[in-house]
Every structure is written in C-alpha cells, then in structure tokens.
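Asks: A predicted structure for the sequence below; I have some questions about it.
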Amino acid sequence: MAGRIRREDVEAVRERAHIDEVVGQHVTLKPAGVGSLKGLCPFHDERSPSFHVRPQVGRYHCFGCGEGGDVIDFVQKVDGLGFSEAVEYLAGKVGIQLRYEEGGAPRPGEEPGKRRRLIEAHKVAEEFFREQLGAPEAAAGRAFLSERGFDRTAAADFGVGYAPKGWDPLMRHLRGRGFTEAELTASGLVSQGQRGVYDRFRGRLVWPIREVTGETVGFGARRLYDEDQGPKYLNTPETALYKKSHVLYGIDLAKKDMQRDKRVVVVEGYTDVMAMHLSGVGTAVATCGTAFGSDHARIVRRLVGDSGSSGGVQLASGASVGGEIIFTFDGDAAGQKAALRAFGEDQTFTAQTFVAVEKSGLDPCELRQAKGPDAVRALVAGRTPLYEFVIRSTLETYDLRTAEGRIGALRAAAPVVAGIRDAGLRPEYTRMLTGWLGIDDEEQVRRAVQGATSRQPSRGADPRPVRDERQAPRDERPAPRMPQPDRRDPVAQIERTALEVVLQQPALVPEEFDDLPADAFGAPAYRAVHEAVRAAGGLVVARTLGNATAWVGAVIEEAGENLRPLVTELAVAPLPEDRPDALDGYVKGVVRSLVEMGFTRHIAELRGRLQRMDAEVDPAAYRAAYAELVEVEGRRRTLRESA
C-alpha cells in the first residue's frame, strides 16, 4: 500500500492549482461581484446560475444543491476520483512533485514523477495514430469505420487512429520526442521480442482509452488484415498506468451525462460506445478486454452517485429513483452468462440495474446501421430489470411443461430471488416467479426462496463507496449539515454577513472583531463558525498567513464535519457591495454593526439587572453594575461617532 501524501504537498497543490482555472474547464464562469465568479452548476440541472467560485479563498459553493469545497473536492466530485488520485492529478497539472510518507509511491510499482512521463508518451502516441489515419496505408481502417457508419468527424471526436504496419514507426517517433526505451517499455506502447523492441500495435485501427480525467493511459486496437495472426482486439498490457479492471472506454466522454442523468449504459465494444453516443445515448461506456467487475462498479458509483435507501426504486413513469445501471447483452448463452456476472455486481449498487437485449441479436453498432439512431434509443428505453432477466433466463433452460422441469427450475431460480439485495422486492418477485413457473402453490415457492435466503452469504457490508485507502482524512459519508438560521431574521443576517467578510476579507476587518466574546453570535450555527474562527487564531493568524485560501483552510480545519459546508458557503457567498473602492468601508461597517449589536444586547442586560437590584441592600454591587453600564454605553457611543 502506498504511503500518504505529505500534508505540506497537499496544501501546495491547493495553493498552486487555481480553482477558477480548474472549474473553468467544466463550467463557463462569469464575474459576479468583487472577487467572485458564477456559472451553471455541473452537479445538478439549473437554468439560472447558482454555482459560485471565489478564487482568492480557493473554494466553490452551489447555492442551489449545496455542493461545495476546495479545488481537490471539485476534482473528486466532477471526475469521480478518490482523494489521493485527485491530488496526484492536480499535482501533475501544476508541476508539483509529491512526496509520500513511509516511502510510499503514487502507484504500486511506479517511481515518483514517472507517471507524468508515461502520460506524455501516450499523448504523443495518440496524436501520431490520429495523424496516420489520414495516410494512404490506412485505407482499410477508414473503410472499416465507414462500413459501420462512422465518418471522419466521428473518428476525430472519439480519437480513433491507425497504427502503421511497420516494425517500429511509433517507437522511432517517440524516441525523436525524447522518450527513452525504458519509458516506452514501461508504457506498454512497445514490446520486447527476439529481434528486439518493436511497436505493440501494428496495422490496426486504434482507440485511445482514457481515465475519467481525459488523460490517455492505454489503447485498444482492432485487427484489419487477414495476415495479422494476433487477436481480433489487442489492448495495452497491464502497466503502472493501465489496469484493465480500472478503466472504462468512453468514461471521459460520458461522465457529464452520467452525473446529470444518474445513468450509465454498459456496452461490449468500442464501436458500440460510438454508436450509442452518436445516437444520443451519451452515458455509454465499455469495459476493455475484461468483464464488468467490482472496480468498474466503484468508478460508476462515484459518478452516478449513491442514493442511499431510495436506490433501486422504479416509478410508474419508467424512471428510477437513485439512478440506473443498464447492461446491454446479446440474447445468447454468452449474454445470459454475462448477465449472471452483472447480477453478482448488482449488490454493489444502490441504483436500479437493468438489461437491454436486442431480440434479433444485433449489437448497438449493428442496430444503428440497420435501423437508425431511434432504434438504439428504443433499445435503452425498453430495458428490463436485471432481476427479471436473470430469473427468466434461468427458467428458459428447463422444460416447464413437466413437473420435473418446474421443480428443477424452482430450485435453480429460488437462489436468484433470494439474492436480490432489496428485501422488499423479494416477495413481489416470489409472486412473479410462481406465475412464470406455472405453479399454483405460491407458498411452495415462498418456502423455496426462504430456504435459499438462509443459505445466502451475509450482505451486511456497507455498499457505499470506500475512501481511497492511501489517503483518508475524512469519512466518505457526509455528516448531517448544521441547521442554518432563518435568512429573514435581520439579526442573524448581520451575524452571517460579518462572518462572510471575516472569511473573505480578513485584512479589511477592524480589530474589534477579535474582542468579541464567545456569545457575540446568537444563532447556534454562526456561533459555531465564530468559535472555529477564534480557534484558528482570529485576525492575527489570518493576517500572518497572508492569503485567504490558507485562512479559510485553517478555519475549516477547526470546524466540525457538519460545519464545514457552512464555512465554505460563507467563504464563497457574494458580498452585497461589489465596488472595489467601497469594499473597505463596507467591511468595517458590517463588523461595527455586529459589535454595536453586542453592545446593545449587553446594555439591555445591564439595565434589566439594575432594575432587579436594590441599591440600599447591596449598594456596592449596584454601583459596580451602574458603572459597567456607563462604560458600555460610552463604548457604543464612541463606535457610532467613529463610524
């Protein structure tokens, strides 16, 4: 297991990776006041922009859906990465060499700094392959695409290229760009044979396989010529970058639609992904030379989301609460076997799982050619719940016209029903199974399912995504947010605005703020934020740190898990005053209003105490309280005069 990334390096990434530039790759941002930008939220559908970014504090917040955090949080959310993966990705972008505690490395078997070189090699290789697709030699490749309904624009959109037939044209090209033989061997772009090192992909049509971030980490290549004795499809071997169980072809293109629609369509090939996307199904992805497994499920769940107990509920309209995972399989025995494997992975999802099967046996690419894009969309729309498909496929192997066949089918199907993760669905599928079997006694079927349930392995494990084990500073499960005060309350609004300016503009805040007592804030949520500000060192530390990013980070470090979203919101919220020349006066006025409100509250308390006291019984205490009242009133008067 690799070591944890050093804390100081994580902080350096937060500081060097400008959040406006990173977010700007996904969201069109426009000015929204002093130091604030806004745009349409990438995490939920909206028509009016409520997604705000404040570069000087390095944080974002959506006032529509509540998503917020720093630049690392954004990359984790938008690209479906773990914490360490997001830090490593950003570090590569800004040129920071990460260090790891206990001698760990970014990836098992990978030297620090090597990953970026391998990524660069794949980038150059992809450009080379794409250029070669236009060469005379690539006529067979262009014909292959054309015969399947893909023009040059489609090929360019999906990065399709051509690997020349020669022994080492790619290797010579990469060496000319400064890459060493050791780097090329480690990348998987070349292979070692008896005659030396040679290009792995030769005379083939090539698809780039990218991570969710869009970085190319491998290739899939399709045989074109009869003399090619290799496999029909040849992929990059296992390398430090490429793990076939961790990649999904098309994930970089599908991720936005997956997040928006809460749906993913899993197909079986590169051309199927292309056909789906070109038919309007932008959530399609494919595995690369392996069956869909638990690591693929983890990637999908990060993007589709985790809906908790509401997952897997299908509405009368056909939509599903909590999202959908749709597998496309052939209707043959191989497709049924694949469906059974998918049924095993179903336990890792909270979304509803489906199967989309084309009755005539056409794959999505063939279906688009034969019947057009509408038929591809109809295939997805006509999906069948995975449970139903697996049960019916199991029954089809038995002769239900005989008693022996019905009993055999019951024994085979009962464990499938018992394996349904949602216990609430099992009785309904038990009833349906009774009808499909043609058995009159539903109680007999129910007993068979119950017996199979008792033999099922425990499903008590938490199905939610697991935080990257290499770096897990916080629990993956979101803590409940602290209730916020009523924004219509004028007193609470003053308290909120004061915290906004303290977090966003600490250099302009008057020193009186640090003199506020612990009970200066009446709203519990704002009082808690004030306590975090004081615990972080107040204005003295804020001005020592020198930048708002580090200051807000220090406050968040002191805040509890359920308070951090509120701190982020306050740090990003647009200020009512958006004129730079008036900002100083505005900040001071806000803080003085809060201080004066505290004086007024204290004066009211002292006057009430004096009314309850008897000057003749305890004259000393009465004089002390009166003197304190005069002193506080004097401080309030001075504050007003200075304003």
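Replies: Done, it's in. Numbering: from 1, shown residues only.
Asks: so where's the protein shaky on pLDDT?
Replies: 1-3, 102-113, 305-322, 330-340, 343-350, 454-482, 578, 641, 643 (pLDDT under 70).
Asks: which residue is most remote from the mean position of this structure?
Replies: Distance from the C-alpha centroid of the chain peaks at E616, with 70.4 Å (Cα atoms, centre = their mean).
Asks: that one: what secondary structure?
Replies: Per DSSP: H, G, I helix; E, B strand; the rest coil, the secondary structure class of E616 is coil.
Asks: against V10, how distant is it?
Replies: 66 Å (Cβ to Cβ, to the nearest Å). (Each C-beta comes from the backbone N, C-alpha and C, glycine too.)
Asks: re earlier: next, the residue farthest from the centre of the chain: phi, psi?
Replies: Dihedral angles of E616 (phi, psi; degrees, to the nearest 10) stand at phi -80, psi -30.
Asks: for the longest helix along the chain, name the packing helices and strands.
Replies: In the chain, taking DSSP state H as the definition, the longest helix is helix 583-612. Here helix 583-612 touches helix 490-504, helix 619-642, going by 3 or more Cβ pairs under 8 Å, 6 or more residues apart in numbering; DSSP states H and E.
Asks: hang on, the earlier thing: give me the distance between the residue farthest from the centre of the chain and E569.
Replies: Shown here: E616 relative to E569, a distance of 54 Å by Cβ to Cβ.
Asks: mind listing what's buried along the host helix or strand of V445?
Replies: Assigned by DSSP states H and E, V445 belongs to helix 442-454. By neighbour count with 16 or more other Cβ atoms under 10 Å, helix 442-454 contains the buried residues 445-446, 448-449, 452-453.
Asks: what segments of the stretch 1-150 of the chain are helices?
Replies: Secondary structure of the stretch 1-150 of the chain (DSSP state H, counting those that start in this stretch): helices located at 7-16, 19-24, 71-79, 83-94, 114-132, 139-147.
Asks: what about dumping the CA coordinates of the fifth one to PDB?
Replies: Only the C-alpha atoms of helix 114-132 are listed here, as PDB (Å, rounded to 0.1, in the frame of the first residue of the first chain):
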ATOM      1  CA  LYS A 114       7.300   8.700 -13.800                       C
ATOM      2  CA  ARG A 115       3.500   8.800 -14.200                       C
ATOM      3  CA  ARG A 116       3.700  12.200 -15.900                       C
ATOM      4  CA  ARG A 117       6.200  11.000 -18.400                       C
ATOM      5  CA  LEU A 118       4.100   8.000 -19.300                       C
ATOM      6  CA  ILE A 119       1.000  10.200 -19.700                       C
ATOM      7  CA  GLU A 120       3.000  12.400 -22.100                       C
ATOM      8  CA  ALA A 121       4.200   9.400 -24.100                       C
ATOM      9  CA  HIS A 122       0.500   8.300 -24.500                       C
ATOM     10  CA  LYS A 123      -0.500  11.800 -25.600                       C
ATOM     11  CA  VAL A 124       2.200  11.900 -28.300                       C
ATOM     12  CA  ALA A 125       1.300   8.400 -29.400                       C
ATOM     13  CA  GLU A 126      -2.400   9.300 -29.700                       C
ATOM     14  CA  GLU A 127      -1.500  12.300 -31.800                       C
ATOM     15  CA  PHE A 128       0.700  10.100 -34.000                       C
ATOM     16  CA  PHE A 129      -2.100   7.400 -34.500                       C
ATOM     17  CA  ARG A 130      -4.700  10.100 -35.400                       C
ATOM     18  CA  GLU A 131      -2.400  11.600 -38.000                       C
ATOM     19  CA  GLN A 132      -1.700   8.200 -39.500                       C
END
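Asks: for that helix, packing partners?
Replies: helix 83-94, strand 161-163, helix 169-176, helix 181-187, strand 204-210, strand 216-223.
Asks: quick one, that helix and strand 216-223 angle?
Replies: For helix 114-132 against strand 216-223, the angle by axes from the mean of the first three to the mean of the last three Cα atoms, to 10 degrees is 40 degrees.
Asks: do the first one as well
Replies: With the same axes, to 10 degrees defining the directions, helix 7-16 sits at 80 degrees from strand 216-223.
Asks: circling back to that earlier point, now distance to V22 too, for the buried residues of helix 442-454, in CSV please.
Replies: Shown next, in CSV, are these (distance: Cβ to Cβ, whole Å):
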residue, distance to V22
V445, 55
R446, 55
A448, 55
V449, 51
A452, 50
T453, 48
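Asks: tell me the buried residues in stretch 629-643?
Replies: Buried-residue list, stretch 629-643, by 16+ other Cβ under 10 Å: 629, 632-633, 635-636, 639.
Asks: reformat those residues as a markdown table; add distance to Q611.
Replies: Putting the buried residues of stretch 629-643 into a markdown table (distance: Cβ to Cβ, whole Å) gives the following:
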| residue | distance to Q611 |
| --- | --- |
| L629 | 11 |
| V632 | 16 |
| E633 | 16 |
| R635 | 21 |
| R636 | 19 |
| L639 | 25 |
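Asks: quick one: which of those residues is nearest G64?
Replies: Within those, the smallest distance to G64 is 37.9 Å, found for L639 (Cβ to Cβ).
Asks: contacts only, for that closest one.
Replies: Going by Cβ atoms under 8 Å, 6 or more residues apart in numbering, L639 touches 512, 592, 595-596, 599.
Asks: P517 - how many residues pack around it?
Replies: Residues within reach of P517, counting by other Cβ atoms under 10 Å, total 9.
Asks: for it, which non-adjacent residue is closest in space?
Replies: G598 (7.4 Å; Cβ to Cβ, 6 or more residues apart in numbering).
Asks: that neighbour contacts F521, doesn't it?
Replies: No - taking Cβ atoms under 8 Å as the definition, G598 is not a contact partner of F521, at 9.1 Å.
Asks: which one of the two has more residues nearby?
Replies: More crowded of G598 and F521, by other Cβ under 10 Å: F521, with 26 against 20.
Asks: who touches that one in this structure?
Replies: Counting by Cβ under 8 Å, 6+ apart, F521 touches 495, 527, 529-530.
Asks: before we move on, what SS does it have?
Replies: What three-state DSSP gives for F521 is coil.
Asks: nearest spatial neighbour of it, chain-adjacent residues omitted?
Replies: R527 (4.1 Å).
Asks: quick check on the one you found: phi, psi?
Replies: Dihedral angles (degrees, to the nearest 10) for R527: phi -60, psi -40.
Asks: and P517, backbone torsions?
Replies: Dihedral angles (degrees, to the nearest 10) for P517: phi -80, psi 170.
Asks: to clarify, my last question referred to L400.
Replies: Backbone dihedrals for L400, given as degrees, to the nearest 10, come out at phi -80, psi 0.
Asks: for it, what are its contacts?
Replies: Contact partners of L400, counting by Cβ under 8 Å, 6+ apart, are 406, 409, 437-438.
Asks: can you rerun that using 6 Å?
Replies: For L400, the contacting residues are 406, 438, by Cβ atoms under 6 Å, 6 or more residues apart in numbering.
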